[in-house]
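A.B. asks: From the sequence below, what's the structure:
(one chain, ligands or ions: 3)
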Amino acid sequence: MDRKSSAMGAFALALVIILSACGISEAGEAPGQNSDGKMGMHDDSMNGNSESPQGGEMGMGGMGNQHMDHDDVAALDSSSGDNELNIPPVLKSDSTEETKYTVRAKMGETEIFDGTKTQTYGYNGDFLGPVLQFEKGETVTINLINELDVGTTFHWHGLKIPGEADGGPHNVIEPGEEDTIKFEVTQEAATLWFHPHPDGDTSEQVYKGLAGLIYIEDENIKELDLPDDYGKNDFPLIFQDRTFDEDKQLNYDAVMNEDGTVGDVSLINGTVNPKLTVGQEKVRLRLLNGSNARNYTFKMNTGDTFAQIATDGGLLNEPVEMEELTLTPSERAEIVIDFSKIDDERDVALVNDSDDILLPFEVTDEAAAEIDIPDKMNQFSVTEAEKDLPVTKEVELFGMMDMVTINGKKFDPERIDFTQERGVTEVWEIYNKPDMMGGMIHPFHIHGAQFKTLSRDGEAPPRNERGWKDTISVSPDETVRLAVQFNDKGVYMFHCHILEHEDNGMMGQIKVE
Ligand code: C2O
Ligand code: CU
Ligand code: CU
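C.D. replies: Numbering: from 1, shown residues only. Ligands and ions are numbered 1, 2, ... in the order given. Here you go, the predicted model:
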């Protein structure tokens, strides 16, 4: 697709946004209305806030309203609960002696809607991918096969892995070709994911279905009393929003938005109108925001709280009780919902901040053995020495549509933006510079590392961000400091994880030596 030709459209759109923003500037939601001011800021982005180009683009009359109404194109259709949620298969090792996987990117057909076949992409299947299980300390071999008719890469999001195996834009595998990577798993238990990363084509390939999960296990997590019966009380949930055309196809070129493609159809694990059947017990949900651009704020329709137990890269030290949780694209969180405590006379569902039903639960009478989530799960800490480190990398995120930049520049595969020594911690300061329309949240991601969030605008991060992260949401005018260390050598990407921003060049490269 020709991104340049849309530049004029982008300017026209910017004008619309300015005009809309002027009209409703006083109707915006008051910041910090939630108990947690930080979460309040995140909420604004999908609440039709005047500053959000996603909202602005829809030309909504009621953009300043706190809740989106049904005419709002950006709203998600509520799930009718007609279909039991698809649970991705767990990939079997090719060998009994060692962990050896074969991952094929392929084209497929999927009956997302009854009676119609949608053209999709998938890993080892027609749509999305299986779960790959790694164990800390082991060596993993993966054969990568590209059966698509376009070049692709296999990127391991959140994995500490040598640069040459990371699957960034330099590792393209042409159609019909294959490659093998081999690496040691050095990091703790976490839920990561994998997806393609070819320069300029990431958003389209993810949109069509290329995304899968990685579960890392370690000694610590095995000893903890957590729900871990896959598909029984431990479920992965990949949240994605899509637009289907009249023929129920994913016509990416027709719906592509330079500022992040959003859709009105909510898919979880590729299932439309999903429901999940659970027992009257504690259930662990591993949430991945796998959308191209939409931010999700999750809460229970009953007003009940849940416990967040993990961030992108590992367990929190202790469970954090949450009323709601926002994930920007590519962020993960693991939560535990106690269905034995929820009033079963009510229809129970996971909803978003506009109360659209994402996932209704069918709670059976089945009551399992009581699991006591431990209060001490991990030993994550930010040391005094790390707090005292000077800022040595500065990153300024700026722009919208196809005019997005990092430090004023667009991605150039030939240019190395930063260098860092392996094993040495440096403080990265990420600033989201507002534009004349205010700006938007950019989810900032670094490859090949898990980092610590030192501060948000000088304050300690909220309790549920005090754990390993690889993607951090940065609100307009916000400054976030990260302690970043790489394990391995190589060239790694850092970028905005709104996939169209990434494809539009909101990406840089760091060389780790
Ligand atoms: Cu999720 Cu550059 O990656
Ligand atoms: Cu990544
Ligand atoms: Cu962005």
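A.B. asks: only C-alpha atoms for contact and neighbour calcs from this point on.
C.D. replies: Noted.
A.B. asks: quick one: buried residues of whichever strand or helix holds residue 104?
C.D. replies: Here residue 104, judged by DSSP states H and E, is contained in strand 99-110. Across strand 99-110, burial judged by 16 or more other C-alpha atoms under 10 Å covers 99-108, 110.
A.B. asks: Can you name the residue of this structure nearest to ligand 3?
C.D. replies: The nearest approach of the chain to ligand 3 comes at residue 442, 4.0 Å away (C-alpha to the ion).
A.B. asks: What's opposite that residue in the beta bridge?
C.D. replies: residue 474 (DSSP bridges).
A.B. asks: same question, residue 100
C.D. replies: Beta-bridge partners for residue 100, by DSSP bridges, are residue 141.
A.B. asks: For residue 351, grab the count of nearby residues.
C.D. replies: Neighbour count for residue 351, taken as other C-alpha atoms under 10 Å: 22.
A.B. asks: Now for it: which residues touch it?
C.D. replies: When contacts are counted by C-alpha atoms under 8 Å, 6 or more residues apart in numbering, residue 351 touches 298-301, 357-359.
A.B. asks: Cross the residues you listed against strands and list the overlap.
C.D. replies: Among these, the ones falling in strands (DSSP state E) are 298-300, 357-359.
A.B. asks: Could you say whether residue 225 sits in a helix, a strand or coil?
C.D. replies: coil (DSSP: H, G, I helix; E, B strand; the rest coil).
A.B. asks: My guess is it contacts residue 373. True?
C.D. replies: Yes. Residue 225 is within contact range of residue 373, at 5.9 Å (criterion: C-alpha atoms under 8 Å).
A.B. asks: For the residue nearest the centre of the chain, give its distance to ligand 2.
C.D. replies: The centroid of the chain falls nearest to residue 330 when counting by C-alpha atoms, centre = their mean (1.6 Å). Here the criterion is C-alpha to the ion, to the nearest Å. By it, residue 330 lies 8 Å from ligand 2.
A.B. asks: Then that residue would be within a strand, right?
C.D. replies: No. Judged by three-state DSSP, residue 330 forms no part of a strand; its state is coil.
A.B. asks: wait, it sits on residue 287?
C.D. replies: No. If you go by C-alpha under 8 Å, residue 330 and residue 287 don't touch, sitting 9.8 Å apart.
A.B. asks: quick one, what contacts residue 224?
C.D. replies: 373-374, 377.
A.B. asks: in the stretch 1-150 of the chain, which segments are predicted with low confidence?
C.D. replies: The stretch 1-150 of the chain contains residues with pLDDT under 70 at 1-73.
A.B. asks: Which parts of it are helices?
C.D. replies: 7-24, 37-46, 53-57 (DSSP state H, counting those that start in this stretch).
A.B. asks: now the stretch 201-350 of the chain
C.D. replies: So, for the stretch 201-350 of the chain - with DSSP H, counting those that start in this stretch - the helices run 202-207, 219-223, 252-255.
A.B. asks: the more surrounded of residue 225 and residue 373?
C.D. replies: For residue 225 and residue 373, the more surrounded residue by other C-alpha under 10 Å is residue 373, and the numbers stand at 17 against 13.
A.B. asks: need the contact list for that one.
C.D. replies: With the criterion set at C-alpha under 8 Å, 6+ apart, residue 373 makes contact with 224-226, 319.
A.B. asks: Can I get stretch 419-432 in CSV, CA atoms only?
C.D. replies: C-alpha atoms of stretch 419-432 as CSV (Å, rounded to 0.1, in the frame of the first residue of the first chain):
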residue,chain,number,x,y,z
THR,A,419,24.5,1.8,21.6
GLN,A,420,24.6,0.1,25.0
GLU,A,421,26.9,-2.4,26.7
ARG,A,422,25.4,-5.7,27.5
GLY,A,423,24.9,-6.4,31.2
VAL,A,424,25.1,-2.7,32.0
THR,A,425,21.9,-0.9,33.3
GLU,A,426,21.1,2.4,31.8
VAL,A,427,18.3,4.8,32.4
TRP,A,428,16.1,5.6,29.5
GLU,A,429,13.9,8.6,29.7
ILE,A,430,10.8,8.4,27.5
TYR,A,431,8.9,11.7,26.8
ASN,A,432,5.7,11.9,24.9
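A.B. asks: which ones are touching the residue lying closest to residue 277 once chain neighbours are set aside?
C.D. replies: Once flanking residues are discounted, residue 277 sits nearest to residue 362: 4.5 Å by C-alpha to C-alpha, 6 or more residues apart in numbering. Residues near residue 362 by C-alpha under 8 Å, 6+ apart: 275-278, 348.
A.B. asks: returning to that earlier point: got a markdown table for the ones in strands among the contacts of residue 351, with distance to residue 449 too?
C.D. replies: Listed next are those as a markdown table, based on distance: C-alpha to C-alpha, whole Å:
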| residue | distance to residue 449 |
| --- | --- |
| 298 | 26 |
| 299 | 29 |
| 300 | 32 |
| 357 | 34 |
| 358 | 31 |
| 359 | 32 |
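A.B. asks: most neighbours, which of those?
C.D. replies: Busiest of the ones in strands among the contacts of residue 351 [other C-alpha under 10 Å] is residue 358, holding 27 neighbours.
A.B. asks: Not including adjacent chain positions, what is the nearest residue to that one?
C.D. replies: residue 351 is the one closest to residue 358 (C-alpha to C-alpha, 6+ apart), at 5.0 Å.
A.B. asks: hey, what's that neighbour bridged with?
C.D. replies: In this entry, residue 351 is beta-bridged to residue 299, residue 357, by DSSP bridges.
A.B. asks: Against ligand 2, how distant is it?
C.D. replies: 27 Å.
A.B. asks: same deal with residue 444?
C.D. replies: 10 Å.
A.B. asks: how many neighbours does that residue have?
C.D. replies: Residue 444 has 26 neighbours, counted by other C-alpha under 10 Å.
A.B. asks: Model confidence for it, exactly?
C.D. replies: Turning to residue 444, the model gives it a pLDDT of 99.
A.B. asks: What residues does it make contact with?
C.D. replies: Counted by C-alpha under 8 Å, 6+ apart, residue 444 has contacts 471-474, 494-497.
A.B. asks: and the residue of this protein nearest ligand 2?
C.D. replies: Shortest the chain-to-ligand 2 distance, computed as C-alpha to the ion: residue-wise this is residue 157, at 3.7 Å.
A.B. asks: What backbone torsions are found at that residue?
C.D. replies: Reported as degrees, to the nearest 10, the phi and psi values for residue 157 are phi -70, psi 120.
A.B. asks: Please list all residues in contact with it.
C.D. replies: 192-195, 447-448.
A.B. asks: farthest pair in these?
C.D. replies: Greatest spatial distance in these: 195 and 448, 14.1 Å, computed using C-alpha to C-alpha.
A.B. asks: Looking at these two, which has the bigger crowd around it?
C.D. replies: A direct count of neighbours by other C-alpha under 10 Å for residue 195 and residue 448 places residue 448 higher, at 29 against 26.
A.B. asks: Excluding chain neighbours, give the residue nearest to the more buried one in space.
C.D. replies: Excluding the flanking residues, the one nearest residue 448 by C-alpha to C-alpha, 6+ apart is residue 160, at 4.4 Å.
A.B. asks: State the pLDDT value of the one you found.
C.D. replies: Reading off the model, residue 160 has pLDDT 98.
A.B. asks: ditto for residue 343
C.D. replies: In this model, residue 343 carries a pLDDT of 76.
A.B. asks: Break down the stretch 51-200 of the chain into its strands, ranges please.
C.D. replies: With strands called from DSSP state E, counting those that start in this stretch, the stretch 51-200 of the chain shows them at 83-84, 99-110, 118-123, 131-135, 139-146, 155-157, 178-184, 190-195.
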